[in-house]
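In: the amino acid sequence is not available; the structure is as follows:
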């Protein structure tokens, strides 16, 4: 610190911008979140434990986790494929497709929710065909998964796309001159290079899916123990004026989101550092 | 790109024809799978919105958009975005300047903290403000004493929207500013420019496309936010309903056509956002 | 403006970039800060400009303490290594920037600015490029615009960070000559950083050789080249052969006080090659001959060793020597072996003509 004291910064505005950033961040984000945890802590430990391990709550944890996970896996596979065709192939309408990938970012979740519900309901455009096969999509966990796949799609594509773009063709050419087939090239050369980006995109999609509300609440049907996601349960508690209960469940979710967020940022920071060395 | 493709074709001349036909089959197969997926998950829902909206004719469509409750929802949404977007834009620019142009300890932690709204469920974003300002909340008694209403009123909606759109502009600017480094700013300082001159004449013109992109995304989210706003709004018709909340109410009343008519406004907004984004990307690549 | 640097140090974290540097630059001098990368030369330049703050020591401009003055107050012209031209401004706007940001009271009128910018463009011979953007210019043109921009604010000191580092050899040669000319015309105190000894020798009035954050030697190009104070300076300024062990003792057999591990240095052009044994010359085997323009370089190794040396001679001398091929045996005479003592000791130069006593500088 003693050497820092004399160090003068050439560009102005560090103190001002940092001060403003930290104050604003605290007021809008940190203090409100602290209040949430504080509220949860007003419950006795036994009450808190009972709230968060209630059967209905545990069922919603399970549902949220496994639908989010499955959706993120689907996105990891198809997102990588979409990134691949956008980077490697030329075809008519590519620019439009590229722009459309971001639709889930731009389309309000409620709109996505009612649209997906309508399509996949038993008499909807797609739902009717599954209905005739005896498969229900809307108002089941499958419907939830479809909504979560929709909102998570851009994450994987947008993580993988730039990495694939920068991947030098020379590596593949070198591999093919060494006699590698196209499957071998993909598995041994390309996949390792884009894998960190796939993981990042997967984790972002997963994190987003865990907290998603708008697009899911219409299609899920919201049946307790069956198709009730965690965010909905929080709202239910709130509507029953059970603020402590809502805060308790929200705190558990918040903790989970924080862990994921730190893992993602740490992972990105580490990959960036690794790239700097090479 | 073209140069690289020709080099691939160069070796393997003998089996080139066979290989290229094999490659073409693979290519179109992959494209077909990807497009089918995108069609199913992105295009079909989008079409469904407009098709349902217009299913009962233009007259009903216009009527759904011009009824007083719809108009007041539109007004409230515009008002909310008009407050939240500029506030978060100013924050974004200032924070990005501090983070990108200087070295300090704890930078990664600060960036992670700024990312929190991306990771936190919008429902929690709404909940925290209910716990803070609601009648049972920490400041509830205080607000009541002064007859101030935040929850189930416009200020709560604005606050929740600010929370969820908080990182958009900073996160868009940070990589651009970090990439550009500080040499141009240093040059400006050696030429006698002061801090403001350096910022407005050097830094800002260099980040303008990224800034615009961040603002567009921030705006799209501000106008479309559902979960957080739903928690704090109280769904008072004509007073605290934003467009997405109005869509929900209509839908839950089985008034599907009207719901989709209003939703089509938001879908249109999303399409405009995507077009603007593409233009901005194109412009910034040209520079 | 004269610059005095008094015992200046600067650390980055735990890394000492500049250590206790003392340097006196008189008004109008043309100074090269020369050293390998990581020697602290760029940091020293940035300390002078105020782009870094000192940890300790003082920097005086014309005898006035400027250590804590801002960059703006120092009124230095700084040319960045990668030019740092404002990419969203035209060349005209780039050069005019320093004038336009002045407070209203001191700001020249529009027509004055225009006149001044065009005068500068004339000086750097790029008048026709006023409306272009930096991305449309070649590296050499960008460099000249960066200089014009720095000169627009009429600095009393001009600081250049590796001014020709990013340019190809031919452009570099042209710009060296041109920068020298501009310095003569304007007579501004100029300091530039370079890692290229040829550039420093060719352009500067004074060379400051730096290594590991410290100044090794200060002097005119002739002084540092002819009379280097230590092995680092000697080997950094030009091609050099190192003589170790048996080769050294054989070629300097009349010197008795050679300790183990003593290293002798000799420049390639100071090795004489003959077809016949003369005096105490050493038999060597030629391993490679190549001609670079008017100079011929011959690589060889003393017989029974695996240590390679290089000799240089002009093409006329080579013709006198007659054709030489790989595998030929020649006799090498080491004319000017230099041996440096430990650290502070003055170097001994062992001259061929007078090997019996070590000449001392």
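Out: Arrived safely, thanks for sending. Just so we're clear, the structure is a prediction, and the values are computed from it rather than from any experiment.

In: what about the residue of chain C found nearest chain B, which SS state?
Out: In chain C, the residue that lies nearest chain B is residue C:98 (3.6 Å; Cβ to the nearest Cβ). No exception for glycine: its C-beta is placed from N, CA and C like everyone else's. Using DSSP: H, G, I helix; E, B strand; the rest coil, the structure places residue C:98 in helix.

In: if I pick it, what's in contact with it?
Out: B:191, B:192, B:193, C:149, C:152, C:153 (Cβ atoms under 8 Å, 6 or more residues apart in numbering or on different chains).

In: report pLDDT for it.
Out: Listed pLDDT for residue C:98 reads 93.

In: wait, residue C:86 sits on residue C:142?
Out: No: with contact defined as Cβ atoms under 8 Å, residue C:86 does not count as touching residue C:142 (11.6 Å).

In: okay, and the common contacts of these two?
Out: Residues touching both residue C:86 and residue C:142 (Cβ under 8 Å, 6+ apart): residue C:134.

In: which parts of chain C belong to which domain?
Out: Listed by automatic domain parsing, the domain ranges of chain C are C:1-75+C:156-237, C:82-154, C:241-360.

In: and the first one, anywhere near chain B?
Out: Right, the one you point to is domain C:1-75+C:156-237. Yes: on the criterion Cβ under 8 Å from any Cβ of the partner chain, domain C:1-75+C:156-237 is in touch with chain B at C:49, C:51, C:71, C:72, C:75.

In: let me have these in JSON lines, extended by secondary structure and pLDDT.
Out: JSON lines is the format used below for the residues of domain C:1-75+C:156-237 next to chain B (DSSP: H, G, I helix; E, B strand; the rest coil; pLDDT from 0 to 100):
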{"residue": "C:49", "secondary structure": "helix", "pLDDT": "93"}
{"residue": "C:51", "secondary structure": "coil", "pLDDT": "91"}
{"residue": "C:71", "secondary structure": "helix", "pLDDT": "89"}
{"residue": "C:72", "secondary structure": "helix", "pLDDT": "87"}
{"residue": "C:75", "secondary structure": "coil", "pLDDT": "88"}
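
In: most widely separated two among those?
Out: C:51 and C:75 (13.7 Å; Cβ to Cβ).

In: neighbour count winner among those two?
Out: Taking other Cβ atoms under 10 Å in any protein chain shown, residue C:51 and residue C:75 do not tie; residue C:51 has more neighbours (25 against 17).

In: surely that one is in contact with residue B:186?
Out: Yes: here residue C:51 reaches residue B:186: they are 5.8 Å apart, a contact under Cβ under 8 Å.

In: between those two, what contacts are shared?
Out: Common neighbours of residue C:51 and residue B:186 (Cβ under 8 Å, 6+ apart) are A:10, C:71, C:78.

In: could you look up the SS state of the first one?
Out: Put simply, residue A:10 is coil when judged by three-state DSSP.

In: how much space between it and residue A:135?
Out: Between residue A:10 and residue A:135 the computed distance is 65 Å (Cβ to Cβ, to the nearest Å).

In: who has more neighbours, these two?
Out: Shown here are residue A:10 and residue A:135; by other Cβ under 10 Å, residue A:10 has more neighbours (19 against 12).

In: now do the contacts for the more buried one.
Out: Listed by Cβ under 8 Å, 6+ apart, the contact set of residue A:10 reads B:182, B:186, B:189, C:50, C:51, C:52, C:71.

In: so the first one touches residue B:101, yeah?
Out: The reference is to residue B:182. Yes: contact criterion Cβ under 8 Å: residue B:182 and residue B:101 qualify, at 5.4 Å.

In: is chain A contacted by stretch B:272-287?
Out: Yes: remark: stretch B:272-287 sits within contact range of chain A at B:273, B:274, B:275, B:277, B:278, by Cβ under 8 Å from any Cβ.

In: which elements pack onto the one helix or strand the first one maps to?
Out: What it means is residue B:273. Counting by DSSP states H and E, the element that carries residue B:273 is helix B:256-286. Other elements packing on helix B:256-286 under the criterion 3 or more Cβ pairs under 8 Å, 6 or more residues apart in numbering or on different chains; DSSP states H and E are helix A:94-100, helix A:103-106, helix A:109-120, helix B:44-53, helix B:58-66, helix B:68-101, helix B:204-224, helix B:243-252.

In: okay, and for the stretch 101-250 of chain B, where does confidence drop off?
Out: Low-confidence segments of the stretch 101-250 of chain B (pLDDT under 70): none present.

In: ok, which stretches of the stretch 1-150 of chain A are helices?
Out: For the stretch 1-150 of chain A, the helices defined by DSSP state H, counting those that start in this stretch cover A:2-6, A:14-25, A:31-41, A:45-52, A:55-88, A:94-100, A:103-106, A:109-120, A:127-132, A:141-166.

In: I'd assumed residue C:152 was in contact with residue B:190.
Out: No: using Cβ under 8 Å, residue B:190 is not in contact with residue C:152, being 11.4 Å away.

In: of these two, which one has the most company?
Out: Neighbours per residue (other Cβ under 10 Å) separate residue B:190 from residue C:152, with residue B:190 holding more: 28 against 23.

In: who's in contact with the residue nearest the centre of chain C?
Out: By Cα atoms, centre = their mean, chain C has its centre lying nearest to residue C:200, at 3.2 Å. Residue C:200 makes contact with C:32, C:34, C:194, C:207, C:221, according to Cβ under 8 Å, 6+ apart.

In: that one sits in which helix or strand?
Out: Counting by DSSP H and E, the element that carries residue C:200 is helix C:197-203.

In: tell me the buried residues in that helix?
Out: By 16 or more other Cβ atoms under 10 Å in any protein chain shown, the buried positions in helix C:197-203 come out as C:197, C:199, C:200, C:201, C:203.

In: could you find the closest non-adjacent residue to the fourth one?
Out: Computed as Cβ to Cβ, 6 or more residues apart in numbering or on different chains, the closest residue to residue C:201 that is not its neighbour in sequence is residue C:221, at 4.5 Å.

In: equivalent analysis for residue C:175, please.
Out: Using Cβ to Cβ, 6+ apart and skipping residues adjacent in sequence, the residue nearest residue C:175 is residue C:164, 5.7 Å away.

In: list the contacts of the one you found.
Out: Residues in contact with residue C:164 (Cβ under 8 Å, 6+ apart) are C:143, C:171, C:172, C:175, C:176, C:194, C:196, C:199.
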